[in-house]
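Engineer: I'd like to go over a predicted model; first the sequence, then the structure.
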Amino acid sequence: MPIATIHSLDNEGRGITRSAEGKAVFVEGALPGEAVDYTVVRKKKTYEQAEIHKIVRPSAQRVTPRCAFFEKCGGCSMQHLDSNAQAAAKQRVLENALWHIARLKAGIIYPAIIGAPWGYRYRARIGVRYVPSKGGVLVGFHEKRSSYIADMTSCQILPPHISDMLVPLRELIDGLSVRERLPQIEIAIGDTETVLVFRNLVDVEAADIVRLRTFAETHAIQVWLQPSGPASAYRLHPDTAPALTYSMPEFDVTMTFRPNDFTQVNVPINRVLMRRAMHLLDPQPGERIADLFCGLGNFSLPIARSGATVIGVEGSDALVARAGENARANGLAEHTEFYAANLFEATEDSIAALGRLDKLLIDPPRDGAMAVVRALGPDAPRRIVYVSCNPASLARDAAVLVYEKGYRLKGAGIANMFPQTSHVESIALFERD
Ligand SMILES: C[S@@+](CC[C@H](N)C(=O)[O-])C[C@H]1O[C@@H](n2cnc3c(N)ncnc32)[C@H](O)[C@@H]1O
């Protein structure tokens, strides 16, 4: 078995080394600086996948995973690396993506945004499976590289009150008539409310409703049912309850959302990321600023609070409606316009139709914003703040911005939005003359 030194991490948190033939080898669970004896489990033309056989020289930053289910559960992949070191490793992942994909180095590396390493997931989708051979119902994340649900009784990245609910949830669902037709639960936590949305593929019975109501009372949560698509979700208990909200006090903004709306999972990190984004964007009264992939207006409303006018564009009609409602509720309707459009089909004409734009904020899904960056014409804003959840697509888009559109990559940095996982959230600033 080959022994090799790991030189970096890939964006799934695997250690990277090179084989004797010069192929990249991705070693599950190995950390930078470590010497490991590895076993190849998959050979491809240009790379190999491997597992650790033995750690010959461990990293000083290797720690014992806190969670008992870490080896099996696919919810986290980096608990074996010290939490502070994770942020540095993710910064390196971002820099590597920018360099290897786009041959770019950022002018400034911003300090990493870091927060609580545990109990930070304010929203999550957890799976449910009735498995008699395991003693009944399992509730949790998927096992690593598997469609099975991990047999887990606690979770360190969920807030403690949700982690403590995993076993009672197993017992609750085990007693429901629909236990084999209830594949997932959506969890959404707001400033004051916790909502659990049970996806029921068939109608619940009267006895189920009694059990669900009792569960909601006992755990002081709202229980919702979702009989079909996301729009069908409705509150079962209590009969009246406040809406979910999250606040951004620094910008005097409170956002209202439905449990299956897209919102950032880590509310405290979102607040700090917002401060960074506003600092880089530096919105001024009278400016017209586009917020592309605006969702329910997370960035739009803090920008509008500065006195600038925001033109928000988003693919989901439901989120566009929510953004408008949030703008009105925060007294910012006069400074905002929201439109629904498929930005993967953006063209120079469709971007020009938004009117004069002084600055741009882009926060796309994992695939990035290639059509948008290609569509930027000579009159496009000189400053772009790009928030990304995928360093690879950020790097691809950055290459277009820099080599085809004349921008400079002024700065880039990460926010550890998802500690213990390999997900890298980042923010970058582009400017041109
Ligand atoms: C990373 S989220 C950001 C949302 C928002 N900026 C926030 O911070 O909450 C990406 C958003 O892009 C939207 N989206 C996905 N595909 C899209 C498309 N093809 N056109 C426009 N919007 C899209 C999603 O609905 C989602 O709201």
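Structural biologist: Nice, thanks for sending it over.
Engineer: tally of neighbours for the residue of the stretch 151-300 of the chain at minimum distance from the ligand?
Structural biologist: The ligand sits closest to Gly295 of the stretch 151-300 of the chain, with a gap of 2.8 Å, by Cβ to the nearest ligand atom. No exception for glycine: its C-beta is placed from N, CA and C like everyone else's. Gly295 sits with 24 neighbouring residues when counted by other Cβ atoms under 10 Å.
Engineer: Can you classify Ala68 by secondary structure?
Structural biologist: coil (DSSP: H, G, I helix; E, B strand; the rest coil).
Engineer: And for Lys105?
Structural biologist: Under three-state DSSP, Lys105 comes out as coil.
Engineer: Return the backbone torsion pair for it.
Structural biologist: phi -120, psi 140 (degrees, to the nearest 10).
Engineer: The biggest helix by length in the chain packs against which elements?
Structural biologist: When the chain is scanned for its longest helix (criterion: DSSP state H), the result is helix 83-102. Judged by 3 or more Cβ pairs under 8 Å, 6 or more residues apart in numbering; DSSP states H and E, the packing partners of helix 83-102 are strand 8-9, helix 391-399, strand 408-415.
Engineer: mind redoing it with 10 Å?
Structural biologist: strand 8-9, strand 108-109, helix 391-399, strand 408-415, strand 425-431 (3 or more Cβ pairs under 10 Å, 6 or more residues apart in numbering; DSSP states H and E).
Engineer: what about that helix, average pLDDT?
Structural biologist: The pLDDT scores in helix 83-102 average 95.
Engineer: so that helix versus helix 391-399, what angle?
Structural biologist: Calculated by axes from the mean of the first three to the mean of the last three Cα atoms, to 10 degrees, helix 83-102 forms an angle of 40 degrees with helix 391-399.
Engineer: residues contacting the residue of the stretch 151-300 of the chain closest to the ligand?
Structural biologist: Counting by Cβ atoms under 10 Å, 6 or more residues apart in numbering, Gly295 touches 255, 257, 261-264, 312, 314-316, 319-320, 322-323, 363, 365.
Engineer: Need the phi and psi values for the nearest residue to Ala24 once chain neighbours are set aside.
Structural biologist: Leaving out its chain neighbours, the residue that sits closest to Ala24 by Cβ to Cβ, 6 or more residues apart in numbering is Tyr47, at 4.4 Å. Torsion angles at Tyr47 (phi, psi; degrees, to the nearest 10) stand at phi -150, psi 170.
Engineer: So for Tyr47, what's the pLDDT?
Structural biologist: 95.
Engineer: hang on, isn't it packed against Ser19?
Structural biologist: Yes. With contact defined as Cβ atoms under 10 Å, Tyr47 reaches Ser19; the gap is 8.8 Å.
Engineer: shared neighbours of these two, anything?
Structural biologist: Val25.
Engineer: now the helices: where do they sit in the chain?
Structural biologist: 83-102, 160-163, 166-174, 206-219, 267-281, 300-305, 317-329, 348-352, 370-374, 391-399.
Engineer: what's the closest of the ones you listed to Pro117?
Structural biologist: helix 83-102 (3.8 Å; Cβ to Cβ).
Engineer: Show the contacting residues for the nearest residue to Ser146 once chain neighbours are set aside.
Structural biologist: Among residues not flanking Ser146 along the chain, Gly74 sits closest, at 7.1 Å (Cβ to Cβ, 6+ apart). Contact analysis of Gly74 by Cβ under 10 Å, 6+ apart lists Gly140, Phe141, His142, Glu143, Lys144, Arg145, Ser146, Tyr148, Ile149, Ala150, Thr421.
Engineer: With Asp363 instead?
Structural biologist: 264, 273, 277, 291-295, 298-299, 314, 369, 385-389, 425, 427.
Engineer: so what pLDDT did it get?
Structural biologist: Confidence for Asp363, expressed as pLDDT, is 98.
Engineer: among the helices of the chain, which is the most enclosed?
Structural biologist: helix 300-305 (a mean of 27; mean count of other Cβ atoms under 10 Å).
Engineer: Run through who's touching stretch 346-356.
Structural biologist: With Cβ under 10 Å, 6+ apart, stretch 346-356 has contacts from 287-288, 290, 292, 309, 311, 313, 337, 339, 341-343, 357, 360, 369-381.
Engineer: again, only this time at 8 Å
Structural biologist: Residues from elsewhere that reach stretch 346-356, judged by Cβ atoms under 8 Å, 6 or more residues apart in numbering: 288, 290, 311, 313, 341, 371-372, 374-377, 379-380.
Engineer: one step back: of the contacts of Gly74, buried ones?
Structural biologist: The neighbour count (16 or more other Cβ atoms under 10 Å) marks Gly140, Phe141, His142, Glu143, Lys144, Tyr148, Ile149, Ala150, Thr421 as buried among the contacts of Gly74.
Engineer: What about those residues, which are in strands?
Structural biologist: Gly140 (DSSP state E).
Engineer: could you list every residue that touches Leu281?
Structural biologist: Here Leu281 is in contact with Ile289, Ile303, Lys359, Leu361, Arg383, Val385 (Cβ under 8 Å, 6+ apart).
Engineer: Check the last one and give its pLDDT.
Structural biologist: At Val385 the predicted local confidence, pLDDT, stands at 98.
Engineer: number of nearby residues for it?
Structural biologist: Val385 - counted by other Cβ under 10 Å - has 27 other residues nearby.
Engineer: Report the beta-bridge partner residues of it.
Structural biologist: Leu361, Leu429 (DSSP bridges).
Engineer: Go ahead and confirm it touches Leu429.
Structural biologist: Yes. Shown here, Val385 and Leu429 form a contact pair, counting by Cβ atoms under 8 Å, at 5.8 Å.
Engineer: Spit out the residues that contact these two alike.
Structural biologist: Joint contacts of Val385 and Leu429 (Cβ under 8 Å, 6+ apart) are Leu280.
Engineer: leaving aside the residues next to it on the chain, what's closest to Arg213?
Structural biologist: His237 (4.4 Å).
Engineer: Show the model's pLDDT score for that neighbour.
Structural biologist: His237 is given a pLDDT of 98.
Engineer: So it is in contact with Leu212, correct?
Structural biologist: Yes. His237 is within contact range of Leu212, at 6.5 Å (criterion: Cβ under 8 Å).
Engineer: Residues that sit against both of those two, list them.
Structural biologist: Val223.
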